[in-house]
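Enquirer: Just need the structure, nothing else, for what follows:
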Amino acid sequence: MSSSMRALLAGGLFPITLLCSEGATAQNFPVTLDTVRSVATRLTLSFLHNTRSVEILDRERLMALPVGTVAEALGWALGADLQARSHAQADLAIRGSSHEHVLVLVDGVPMSDPQTGHFDLDLTMPLARVERIEILRGAASALYGADAMGGVVNIVTREPLTHVEARVEGGSYETLASSLDGGLALGKTRFAAGAGYSRSDGHRLGTDHRIGELHLQAISELLGGSLRGSAGQSWKDFGAADFYAPYPSYEETRTSTVGAAWKGPLTDRIDLEPRLNWRRHKDYFVLDREDPAFYSNQHVSSQVGAEAVIRIRADEGLSVAAGGQVGRDFLESTNLGDRDEVRGALFAEAMSVTGPLTVSAGLRGDHHESFGFFGSPSLSAAYRWHTLKLRASVARSFRAPTWTERYYEDPVNLGNLDLEPERAWTVEVGGDLDLTSGLWISTTAYRRSATNLIDWSRPTDDPEARWETRNVKSAVFRGLEIELTGVLRLGTRVGVQGSLLSVSAADADGYVSKYSLRPLTRDISFSVGHGFGPAETHTRLSFRQREGESGYWLLDLRLALPVGRSEFFFDLLNGLDSEYVDIGGAPAAGRSVRVGVAVGG
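Expert: Alright, predicted model coming up:
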């Protein structure tokens with residue numbers, strides 16, 4: 001056991017165990033939803049039967065944290081590495097993966113961009129439109145196909161309700177933000193709409209932004225089931241100085257989404273869920289903001305897809321899901337050329353529950369027009385004994401190189417036409433213990449063994465060389481996660497989260513990695529939530545260290561005061577004013593504050 005983990009256990013477990021009272025109500029930070037299907041399965045079963053490592057950020061917690069966007073909220077999840085360059089642009093990695101290894105879903109529909117994972121968090125809904133965020137840590141290609149190597153994030157939007165909520169905030173760097181969310185019912189159809197806007201001068205020169213978001217949703221009864229439709233649009237104009245190259249760059253993106261799905265019973269034991277989805281992303285990038293003619297490019301990617309899933313409750317202890325997907329990706333680009341690729345998949349999942357033992361098996365076959373066939377099996381199991389759950393899983397995952405990794409070229413970066421797809425096997429074991437005294441403990445150990453890992457790199461002895469994509473022959477990621485949460489005598493909620501990681505690569509010597517071999521190797525945090533009369537505080541102190549870099553401390557807190565149907569809040573971000581660099585090597589934001597008010601609910 002490493003010294004970091006010994007310190008984590010000594011500093012976190014002992015005081016929580018000492019202070020938790022026997023009469024306290026168990027109230028876990030990672031919410032478990034007993035009746036809602038999570039991202040860890042395509043079956044509709046109790047969360048108690050879950051066999052994988054999953055975290056749920058529910059609406060109550062999202063509203064209590066000092067965050068204003070979906071991306072910021074993801075940074076509070078265990079094992080998540082939110083690689084923010086500014087408020088306008090952030091990448092997400094999980095368990096030492098890169099931003100290309102995380103699949104992002106909205107209501108179960110893939111939102112990950114085929115051109116580059118840098119656009120995966122270009123979402124169309126403000127945080128007020130989100131009901132919960134589900135994070136599955138670990139490989140999930142057997143469930144969702146390509147890209148799900150490090151994990152999957154599913155953003156679940158709010159059910160349409162008759163309500164109106166508004167939020168306004170302002171803060172450092174001339175930041176202003178507002179959002180409005182509401183809903184109504186007309187007969188058997190319910191409608192919801194959410195909109196958001198924010199602007200800022202940015203934490204350093206060239207990180208200013210203007211962002212707009214609009215999300216619409218309708219749900220209606222049809223043919224004994226539920227018909228859902230949604231549409232979204234986002235606008236982002238932002239300075240991108242030093243984001244991808246040492247230039248005062250500028251970028252504009254536009255994201256459009258449309259989706260429709262029906263879910264209903266065919267018989268007493270069989271449900272059907274077909275869906276259609278379309279996503280379009282437009283990106284205009286200028287390398288030098290002061291001289292647009294020097295170098296610029298424009299990319300327009302589109303995805304259209306269809307999916308159908310049949311769920312069968314075979315008997316009291318056996319459930320099966322099977323289905324297929326078909327999709328087509330398009331690209332029109334001044335840099336990457338015009339591209340068009342077709343993909344399809346067939347998948348099946350079965351889960352058996354026999355007393356305290358749950359066993360889940362999945363198998364998926366994907367066909368990619370440019371790279372052929374991929375098979376992705378998975379097997380996981382969990383055993384429950386009183387309040388203890390032991391779990392284990394093994395899964396295979398894959399990822400095809402993006403268009404940017406294959407075809408992109410500018411004065412600083414160069415793609416590689418000869419890239420091979422990545423493949424990986426992931427094994428994990430873990431346990432969860434829920435004590436009636438209010439203490440909840442979870443730990444997971446995992447190992448991901450990857451072949452042909454795709455990375456942007458350049459020779460160590462030539463810092464002026466361009467970043468180029470290449471396949472790293474093999475890389476092994478080993479990690480340990482531990483989470484302790486508890487409720488103290490006075491209702492104070494405390495938590496300790498720790499994520500330790502090591503990485504070794506077969507042919508990394510002589511190269512500097514830009515993304516895939518620069519994971520967070522230490523991420524340890526202590527959080528406290530407490531009430532002072534009507535006021536509530538939520539504070540987190542965390543230590544982070546990236547591979548080959550110095551560590552740093554972060555302190556974030558929110559103070560919230562409810563007044564009638566309103567809530568006033570004060571956020572302090574990076575309260576220690578720590579100096580560190582973002583994933584691009586540029587200075588990250590220092591200490592900042594924001595104040596605001598939320599009305600309605």
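
Enquirer: Stretch 574-582 spans what distance, first to last residue?
Expert: Counting by Cα to Cα, to the nearest Å, you get 13 Å between the two ends of stretch 574-582.

Enquirer: actually stretch 351-365, not the one I typed
Expert: First residue to last in stretch 351-365 (Cα to Cα) measures 19 Å.

Enquirer: got it, and stretch 129-148?
Expert: 25 Å.

Enquirer: Would you mark the buried spots in it?
Expert: 129-130, 132-148 (16 or more other Cβ atoms under 10 Å). (C-beta placed from N, C-alpha, C; glycine too.)

Enquirer: Please, where are all the helices along this structure?
Expert: Here the chain has its helices, by DSSP state H, at 3-19, 59-64, 70-74, 141-144, 403-407.

Enquirer: Check those for me: which has the lowest mean pLDDT.
Expert: Mean pLDDT across the helices of the chain is lowest at helix 3-19; the value there is a mean of 37.

Enquirer: how about low-confidence regions in the protein?
Expert: Counting by pLDDT under 70, the low-confidence segments of the chain come to 1-37, 46-47, 601.

Enquirer: Tell me which residue is most central in it.
Expert: residue 153 (4.1 Å; Cα atoms, centre = their mean).

Enquirer: so how far is residue 334 from it?
Expert: 31 Å (Cβ to Cβ, to the nearest Å).

Enquirer: Also residue 71?
Expert: 28 Å.

Enquirer: again, but for residue 294
Expert: Relative to residue 334, and taking Cβ to Cβ, residue 294 is found at 14 Å.

Enquirer: same check, this time on residue 379
Expert: 46 Å.

Enquirer: Among those two, which residue is more densely surrounded?
Expert: More crowded of residue 379 and residue 334, by other Cβ atoms under 10 Å: residue 379, with 15 against 12.

Enquirer: which residues does the more buried one bridge with?
Expert: Beta-bridge pairing for residue 379 (DSSP bridges): residue 361, residue 394.

Enquirer: which residues does it contact?
Expert: The contact partners of residue 379, taken as Cβ atoms under 8 Å, 6 or more residues apart in numbering, are 359-362, 393-395.

Enquirer: And residue 182, by the same measure?
Expert: Counting by Cβ under 8 Å, 6+ apart, the residues that residue 182 touches are 163-165, 192-194.

Enquirer: For those, pick the one with the most neighbours.
Expert: Neighbour counts for those peak at residue 194, which has 25 neighbours (criterion: other Cβ under 10 Å).

Enquirer: ok, so what distance separates the residue nearest to the residue nearest to the centre of the chain when sequence neighbours are not counted from residue 481?
Expert: If the residues on either side of it in the chain are set aside, residue 153 comes closest to residue 104, at 5.1 Å by Cβ to Cβ, 6 or more residues apart in numbering. For residue 104, the distance to residue 481 equals 21 Å [Cβ to Cβ].

Enquirer: Over to residue 542?
Expert: Applying Cβ to Cβ to residue 542 and residue 481 gives a distance of 14 Å.

Enquirer: what does residue 374 give?
Expert: Taking Cβ to Cβ, one finds residue 374 at 27 Å from residue 481.

Enquirer: and what of residue 348?
Expert: For residue 348 relative to residue 481 (Cβ to Cβ), the value is 29 Å.

Enquirer: So which of those two has more stuff around it?
Expert: The neighbour count for residue 348 versus residue 481, taken as other Cβ under 10 Å, is higher for residue 481 (22 against 17).

Enquirer: Surely that one is in contact with residue 138?
Expert: No - if you go by Cβ atoms under 8 Å, residue 481 and residue 138 don't touch, sitting 10.3 Å apart.

Enquirer: Need the residues touching each of these two.
Expert: Overlap of the contact sets of residue 481 and residue 138 (by Cβ under 8 Å, 6+ apart) consists of 53, 446.

Enquirer: Residue 439 is in contact with residue 488, isn't it?
Expert: No - look at residue 439 against residue 488 with Cβ under 8 Å: they stay out of range, at 10.2 Å.

Enquirer: Those two: which is more packed in?
Expert: Each of residue 439 and residue 488 has its neighbours counted (other Cβ under 10 Å); residue 439 has more, 21 against 18.

Enquirer: Can you name the residues bridging to that one?
Expert: Applying DSSP bridges, one finds that residue 439 bridges with residue 486.

Enquirer: now swap in residue 502 and tell me
Expert: The partner residues for residue 502, given DSSP bridges, come to residue 478.

Enquirer: Count residues in the vicinity of it, would you?
Expert: For residue 502, the count of nearby residues is 14 (other Cβ under 10 Å).

Enquirer: Now do the same contact list for it.
Expert: Residue 502 neighbours (Cβ under 8 Å, 6+ apart): 477-479, 521.

Enquirer: got it, and residue 59?
Expert: Contacts of residue 59 (Cβ under 8 Å, 6+ apart): 130-132, 158.

Enquirer: Same list (those) but as a markdown table, adding distance to residue 554.
Expert: Listed next are those as a markdown table, based on distance: Cβ to Cβ, whole Å:
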| residue | distance to residue 554 |
| --- | --- |
| 130 | 23 |
| 131 | 27 |
| 132 | 24 |
| 158 | 29 |
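
Enquirer: Quick check: the farthest pair among the residues you listed?
Expert: Pairwise distances among those were taken by Cβ to Cβ; the largest, 9.1 Å, belongs to 132 and 158.

Enquirer: Need the residues that contact stretch 346-362.
Expert: Residues contacting stretch 346-362 (Cβ under 8 Å, 6+ apart): 41-43, 45, 49, 51, 142-143, 145, 317-325, 363-365, 376-385, 395.

Enquirer: try 7 Å
Expert: Stretch 346-362 is contacted from outside by 41-43, 45, 49, 51, 142-143, 317-324, 363-365, 377-385, using Cβ atoms under 7 Å, 6 or more residues apart in numbering.

Enquirer: quick one: residue 42 from residue 347, how far?
Expert: From residue 42 over to residue 347 (counting by Cβ to Cβ), the distance is 8 Å.

Enquirer: now residue 116
Expert: Distance from residue 116 to residue 347, by Cβ to Cβ: 25 Å.

Enquirer: circling back: from the contacts of residue 182, which is closest to residue 462?
Expert: residue 194 (48.5 Å).

Enquirer: number of nearby residues for the closest residue to residue 52 other than its chain neighbours?
Expert: In space, and not counting its chain neighbours, residue 52 is closest to residue 40: 4.3 Å by Cβ to Cβ, 6+ apart. Close neighbours of residue 40, defined as other Cβ under 10 Å, add up to 26.

Enquirer: And residue 40, its phi and psi?
Expert: phi -80, psi -10 (degrees, to the nearest 10).

Enquirer: which residues touch it?
Expert: 50, 52, 54, 136.

Enquirer: I'd like those written out as CSV, with distance to residue 251 added.
Expert: Output for the contacts of residue 40, formatted as CSV (distance: Cβ to Cβ, whole Å):
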residue, distance to residue 251
50, 39
52, 36
54, 33
136, 30
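
Enquirer: I'd assumed residue 398 was in contact with residue 377.
Expert: No - here residue 377 lies out of contact with residue 398, judged by Cβ atoms under 7 Å, at a distance of 11.5 Å.
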